[in-house]
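J.: prediction below, plus the sequence it came from.
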Amino acid sequence: MSINRNFPALQNDRILKAARGQKPDKIPVWVMRQAGRYLPEFQEFRKQHSFFEICQNPEYACEVTLMPLKRYDLDAAIIFSDILVIPQALGMEVLMKAGVGPVLPEPLTLEKAATFKADGAAKTLEYVGEAINLTRHRLDGKVPIFGFSGAPWTLMSYMIEGGGSKTYSKAKKWLYAHPEQSHSLISILTDVIIDYFVMQIEYGAQIVQLFDSNAEYLNKDLYATFCLPYLKKISVDVRKKLKEKNLEEVPMVLFAKGGWYCLEEQADLGYEVLGIDWTVEPKYVKNLLKNKNVTLQGNLDPTALYAPGADLKKVTQKMLDAFGGDKYIANLGHGIYPDAPIESVNVFIETVHDFIV
Ligand code: CP3
């Protein structure tokens, strides 16, 4: 596989600066799930190609990744892919069904989980690395590119449920009824994620984000038992492996959606940035973590994008006032919705960039 590491010079390093605790000229901003579903040009593209066909073809993935950057003054790109490529790498079938979302026709059983091996799984995802490499060159240094992965618990929960769920009770049942098998599975997923991040960074990812979208279904005890030690291992081992390969360290972002119950613990895991969902008050989290060395990212309610422009501007400014210009990356508090008004994204981004820090 070809990696061209002769990268163009980076012109906009606002996000990287903020992630490392330095003060950029303007508050950096990007939008979770910015590449995709709400963009008419993406919907048009999707008529011609299936979801995973786009993910697996670096030219297509690159084209879709660049779509929001052509429209908006964003401070980062995020590679077009999905968190569920890891279950695929472990041999599970994943379908993307219109109007339903991801479906895993054969949900994970205890027997099947016992056959999983981490070794070599990330290697099958090199097409994501190639898409990152291509996109970083096509970006020509305009903004940095994010790699990403799902976190172990979130991946495990999709694998066991066979898709999305209201309660994730089948996956939570494993934690209570089969703790040993749960630890084994989470441990394998952790190893795959470590290799996957290192591969993404080798191919050119300049920052990576770990999505723990289903943190909200757990509590402090479950998160401490089944998540925190593994999340820590990911941040530690990724850096260790980068060093062994003589690769530069990149900032790491942890977004545990609904993980309000353990923000202080999250701040001690070795991630430079913590994503904050919209249910958390900016002032509360700033105060709670004032002695921790972390940058905060978030947290506008994605539905605020439906407000009239003037109101959207007001709520965005209120959020910026509360977070302040230091150690902060503006974003939504979860992914943008498919029917978000296109123009609102511009209002959001311009309001952030116009804010005097
Ligand atoms: O952020 C980006 O723009 C990059 C691409 C990206 C996608 N999925 C593309 C996608 C990213 C970062 C993801 C992450 C992801 N995928 C998460 C974590 C973030 C979050 O929102 O909590 C999760 C839980 C998934 C799993 C997933 N994939 C779901 C639940 C769905 C269906 C609902 C939805 O989001 O549309 C998907 C499908 C998906 N992933 C689409 C896109 C553009 C839409 C599918 C389509 O085009 O048919």
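T.: That came through fine.
J.: near the ligand, which residues of the stretch 51-200 of the chain?
T.: Residues of the stretch 51-200 of the chain found near the ligand (Cβ under 6 Å from any ligand atom) are F51, I78, F80, S81, D82, I83, L84, M96, G101, P102, F148, G164. Using the backbone N, CA and C atoms, a C-beta is placed for each residue, glycine as well.
J.: now, the most widely separated pair of the residues you listed?
T.: Of all pairs drawn from these, the greatest distance, 20.9 Å, lies between I78 and G164 (Cβ to Cβ).
J.: V273 and A19 touch, don't they?
T.: Yes: between V273 and A19 there is a contact under Cβ atoms under 8 Å: 5.1 Å.
J.: burial count for the closest residue to the ligand within the stretch 251-357 of the chain?
T.: Nearest residue of the stretch 251-357 of the chain to the ligand, counting by Cβ to the nearest ligand atom: G335, 3.7 Å away. Residues near G335, counting by other Cβ atoms under 10 Å, number 19.
J.: tell me where the stretch 1-150 of the chain has helices.
T.: 14-19, 40-48, 51-56, 58-71, 85-89, 110-113, 126-139 (DSSP state H, counting those that start in this stretch).
J.: what do V273 and A19 both touch?
T.: Counting by Cβ atoms under 8 Å, 6 or more residues apart in numbering, the residues touching both V273 and A19 are P251, V253, T295, I329.
J.: what would the residues you listed look like in TSV with secondary structure?
T.: Below are those laid out as TSV (DSSP: H, G, I helix; E, B strand; the rest coil):
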residue	secondary structure
P251	coil
V253	strand
T295	strand
I329	strand
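J.: so which residues of the protein form strands?
T.: Assigned by DSSP state E, the chain shows strands spanning 77-78, 95-97, 101-103, 145-150, 207-212, 252-256, 273-276, 295-300, 328-332.
J.: name the residues of the third one that come out as buried.
T.: Of the residues in strand 101-103, those buried under the neighbour-count criterion (16 or more other Cβ atoms under 10 Å) are P102, V103.
J.: which strands or helices does it pack on?
T.: strand 95-97 (3 or more Cβ pairs under 8 Å, 6 or more residues apart in numbering; DSSP states H and E).
J.: show residues contacting the strand it packs on.
T.: S50, F51, F52, D82, P102, V103, L104, P105.
J.: okay, now the last one: neighbour count?
T.: P105 is surrounded by 10 other residues when neighbours are defined as other Cβ under 10 Å.
J.: can you check the pLDDT for it?
T.: We have a pLDDT of 98 for P105.
J.: over to the third one?
T.: Among the per-residue scores, F52 holds a pLDDT of 98.
J.: now it: closest residue in space that isn't a chain neighbour?
T.: Nearest non-adjacent residue to F52, counting by Cβ to Cβ, 6 or more residues apart in numbering: M96, 6.6 Å away.
J.: may I have the beta-bridge partners of the one you found?
T.: M96 has the following beta-bridge partners by DSSP bridges: P102.
J.: need the longest helix for this protein.
T.: helix 179-202 (DSSP state H).
J.: what angle sits between that one and strand 145-150?
T.: In terms of direction (axes from the mean of the first three to the mean of the last three Cα atoms, to 10 degrees), helix 179-202 departs from strand 145-150 by 170 degrees.
J.: and helix 179-202, what's buried?
T.: Quick answer for helix 179-202 (16+ other Cβ under 10 Å): 182, 185-202.
J.: equivalent analysis for stretch 310-330, please.
T.: So for stretch 310-330, counting by 16+ other Cβ under 10 Å, buried means L312, K313, V315, T316, M319, L320, F323, G325, K327, Y328, I329, A330.
J.: what residues does it touch?
T.: So stretch 310-330 is contacted by 15, 18-19, 21, 23, 27-30, 273, 281-283, 286, 294-301, 304-305, 307, 344, 347-348, 351-352, 355, 357 (Cβ under 8 Å, 6+ apart).
J.: among the residues you listed, name the buried ones.
T.: 15, 18-19, 27-30, 273, 282, 286, 294-301, 304-305, 307, 344, 347-348, 351-352, 355.
J.: show the pLDDT at L210.
T.: 99.
J.: isn't it up against A151?
T.: Yes: with contact defined as Cβ under 8 Å, L210 reaches A151; the gap is 5.0 Å.
J.: any common contacting residues for these two?
T.: With Cβ under 8 Å, 6+ apart, L210 and A151 have common neighbours I193, L231, I234, L254.
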